[in-house]
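Engineer: using only what follows, build the 3D model:
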Amino acid sequence: MPTSLNKLRRQILHAVASAQEGHAPSALSILDLVYCWFSKEFETKRDKDIFLLSKGHASLAMYVVLASCNLLDVTEVEAYCQKGSLLGGHPDSRKVPLLQISSGSLGHGLPIAVGRAMASQLREIQRTTYVLVGDGELNEGTNWEALLVASSRKISGICVILDANGSTERAIELTDIKIKFQSFGFEVREIDGHNHESILESYSWAGERDRSVIVARTIKGFGVPLMENNPEWHHKFPKISEIDEMLDLS
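Structural biologist: Numbers count the residues shown, from 1 in each chain. Here you go, the predicted structure:
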């Protein structure tokens with residue numbers, strides 16, 4: 001795990017502590033997935049392909065990674081959820097076009113991704129549209145309608161990155177998610193969502209498939225022991241004085 005990610009985790013905690021707003025555990029859950037997309041190893045692919053964040057309440061992961069890549073001013077992250085800030089608890093692409101879509105209302109990102117992929121196919125543009133969704137988000141029926149469209153229209157160039165952090169344990173059980181996606185004609189690969197080598201390799205694998213799903217097994221609140229798999233912290237905020245102890249960097 002890159003040590004630089006500890007800096008990003010600190011920024012996430014500091015942002016929610018300062019604003020007393022946000023979903024830190026959700027952002028920490030997807031941080032590795034977002035970090036790998038914007039890493040130098042994947043820079044060439046980023047110039048061609050599209051990355052959409054459907055799991056909008058985890059947007060702090062996007063904000064801190066964009067700032068680390070000098071694609072967003074770090075002062076904006078520090079002003080997170082403050083009056084006049086570009087960065088809210090859910091992303092607004094009108095204020096930060098790099099975010100591609102405004103999201104947060106769960107179940108919208110995947111349908112948009114299918115539409116983007118369909119448009120690319122009609123224009124004969126060779127690209128893959130990647131969309132990161134949460135497992136709890138799959139309780140929204142619009143996702144399955146979008147998958148049905150992608151399958152029936154034989155749309156190519158779409159990859160669903162599923163942040164499988166166990167949120168469905170407190171919602172409608174999805175049972176065998178791999179079989180569900182395969183029934184819609186998607187190829188499925190399961191990985192450790194915190195292993196960068198596996199993530200990067202899977203992104204490349206997906207780029208060579210028509211319709212694919214990466215089931216990334218993650219831990220909600222990863223890297224912050226007090227938050228890991230603890231639903232109490234879903235929308236709870238630490239004090240700034242508590243951050244160093246919470247990160248447990250000793």
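
Engineer: C-alpha only now, for contacts and for neighbours.
Structural biologist: Fine.

Engineer: any idea how far L106 is from the residue sitting nearest the centre point of the chain?
Structural biologist: The centre of the chain sits closest to L132, judged by C-alpha atoms, centre = their mean, with a distance of 4.4 Å. For L132, the distance to L106 (C-alpha to C-alpha, to the nearest Å) stands at 11 Å.

Engineer: between these two, what contacts are shared?
Structural biologist: The contact sets of L132 and L106 overlap at 54-55 (C-alpha atoms under 8 Å, 6 or more residues apart in numbering).

Engineer: before we move on, back to that, tell me the bridge partners for the residue nearest to the centre of the chain.
Structural biologist: Beta-bridge partners recorded for L132 (DSSP bridges): L53, I161.

Engineer: and E190, which helix or strand is it part of?
Structural biologist: Assigned by DSSP states H and E, E190 belongs to strand 187-192.

Engineer: sheet partners, orientation included, of that strand?
Structural biologist: Partner strands for strand 187-192, per DSSP bridges, with pairing direction: strand 211-217 (parallel).

Engineer: hmm, the residue nearest to the centre of the chain is touching A164, no?
Structural biologist: No: using C-alpha atoms under 8 Å, L132 is not in contact with A164; the gap is 10.5 Å.

Engineer: sorry, back to before: chain center to the helix or strand following the strand holding E190: distance?
Structural biologist: Using DSSP H and E, the helix or strand that follows strand 187-192 towards the C-terminus is helix 196-206. Chain-centre distance of helix 196-206: 15 Å, with C-alpha atoms, centre = their mean, to the nearest Å.

Engineer: which other helices and strands contact the longest helix along the chain?
Structural biologist: Longest helix of the chain, by residue count under DSSP state H: helix 4-19. If contacts are counted by 3 or more C-alpha pairs under 8 Å, 6 or more residues apart in numbering; DSSP states H and E, helix 4-19 sits against helix 24-37, helix 59-68, helix 74-78, helix 243-247.

Engineer: right, I'll leave it there.
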